[in-house]
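Colleague: Sequence plus predicted model, see below.
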Amino acid sequence: MKTLRFFAAWILGLIVLLSADTLLAQQTKIDYFRPYDQNGVNVFEAPNESTVPFDGLAVKIGANFTQQYQMLKHSNESTLEANALYPLGNGFNLATANLNINVQLDDGIRVALENYMSSRHHSEFWVKGGYIQIDKLPMFNNPQWFTDLVRIKIGHMQINYGDQQFRRTDNGNAIYNPFVGNYIMDAFATEIGGEVYLFPTKNITAALGMTAGLIKGDVKDYAPGETSADRQRKDPSIYLKLAYDNQVSSDLRLRLSGSLYTNGNTPRNTLYGGDRTGSRFYEVMKLAAEDSPFSGRLNPGFSNKITAFQINPFIKFKGLEFFGTYEQSSGKTNAENDTRNATQVAGELIYRFLPREQAYIGARYNTVTAELSGVDDKVSIDRTEIAAGWFATKNLLLKLGYVNQNYTDFPDDESYGKYYNGNFNGMMIEAIIGF
């Protein structure tokens, strides 16, 4: 019976993908832009090259839709009755959807509005963020030095820390991610601020960003009776990035990037908790009565002070590609005096084949070792994912994935006992539309 349900879900996903192709119409083209379909795979920062002549104000409406069928099981070895896990079974997860509006205001000036129409954490429609991207200065007769060397982004936006963010699933947008899940320690945040990019050569990108360091606005000042000693400081977040990306030949591409993010004092930093949509592995490793939209992930809780750096190599030779991550992070909460540390390592190997690389197989290994508040010893989590995917068209993707995740050295207590010698594993089917 389980086998029949498995194949029925696969066939249903295929029908959804093929029938949805009729909904996709000719789209307005936008300049300096990363596409939401297969053309956006392995694109990192938006290209610094004009490919669309400006012919007046243009509006592009884009969207992403994702549906999953989940076949996971989980377990732990806790001796406490309170740590009994949620009764997990097979079934469809909530369909997720994004709505994206991009407007070419003028030559080299684009505004983006990104929205979540449905998500695990917030099922209602809400705004992810919006920003303006400036690649040319038409109001000053487009000076060539600015067009060639500079980009400016301003708004409430996804910050450019690390390269893994360009391969992660963002709610309904799962086309860029070869796998079903994001990283165990998922570095992603939307903050209010600005970024300046420099392109000194064709192959080098440098970026400097400064934001408010919070996921939303905050204009709170002194309350009556408070002194400066009572007030929570709100330092800005500063982040840097340097990337080398070279298409060495028609067969070989090399990219290496390094990123640094730091904030010395803030009321609520969310670098590892900024994804308000929820994780892809529903209800795993959670208690029966617990609301846990980020199940399967680990947030180290560096909400007050944080310094993190990430190094990402990317190598693509013909259809074979490797993407890696080494990340070191330290920080603390408001209630802590000493900083703690967390280390994340990940590597994925993908082979893309058939015309236009429309099919792929791949494997990813991801591990995190962290010091958690209230836990004497370091804990660790490791995950193995195997996936296969088929782009029926450039707008339609069907994935089949297997995941196995282990929890090690968590204490058997009321706070972390649900993870004591914990494990979840199983299959996932995911169907995606992006345009």
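Modeller: Structure's in. What do you need? On a predicted model such as this, the values are computed, not experimentally measured, just so you know. Numbers count the residues shown, from 1 in each chain.
Colleague: where do the strands sit along the stretch 1-150 of the chain?
Modeller: Using DSSP state E, counting those that start in this stretch, the strands found in the stretch 1-150 of the chain span residues 58-75, 91-92, 96-106, 109-118, 126-134, 150-158.
Colleague: how about a markdown table for the ones you listed, with mean neighbour count, mean pLDDT and distance to Gly181 added?
Modeller: In short, each C-beta sits where N, CA and C put it, glycine included. A markdown table is the format used below for the strands of the stretch 1-150 of the chain (neighbours: other Cβ atoms under 10 Å; pLDDT from 0 to 100; distance: least, Cβ to Cβ, whole Å):
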| stretch | mean neighbour count | mean pLDDT | distance to Gly181 |
| --- | --- | --- | --- |
| strand 58-75 | 19 | 96 | 11 |
| strand 91-92 | 13 | 96 | 17 |
| strand 96-106 | 19 | 96 | 14 |
| strand 109-118 | 20 | 96 | 18 |
| strand 126-134 | 17 | 95 | 20 |
| strand 150-158 | 19 | 97 | 19 |
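Colleague: Would you mind putting those into CSV with distance to Tyr36 alongside?
Modeller: As requested, these are exported to CSV (distance: least, Cβ to Cβ, whole Å):
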stretch, distance to Tyr36
strand 58-75, 5
strand 91-92, 23
strand 96-106, 7
strand 109-118, 11
strand 126-134, 14
strand 150-158, 14
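Colleague: Quick one, which of those gets closest to Gly217.
Modeller: strand 150-158 (8.4 Å; Cβ to Cβ).
Colleague: After the closest one, which helix or strand is next? Please name it.
Modeller: Scanning forward in sequence from strand 150-158 by DSSP states H and E, the next helix or strand is strand 190-201.
Colleague: For the next helix-or-strand element following that following strand, name the packing helices and strands.
Modeller: Next in sequence after strand 190-201, counting helices and strands by DSSP H and E, comes strand 204-211. Under the contact definition 3 or more Cβ pairs under 8 Å, 6 or more residues apart in numbering; DSSP states H and E, strand 204-211 sits against strand 190-201, strand 237-247.
Colleague: For Gly417, find the nearest of those.
Modeller: strand 190-201 (33.0 Å).
Colleague: Could you double-check that Gly319 sits in contact with Leu354?
Modeller: No: Gly319 is beyond contact range of Leu354, at 9.0 Å (criterion: Cβ atoms under 8 Å).
Colleague: Which of these two has more residues huddled nearby?
Modeller: The residue with more neighbours, out of Gly319 and Leu354, is Gly319; 14 against 11, by other Cβ atoms under 10 Å.
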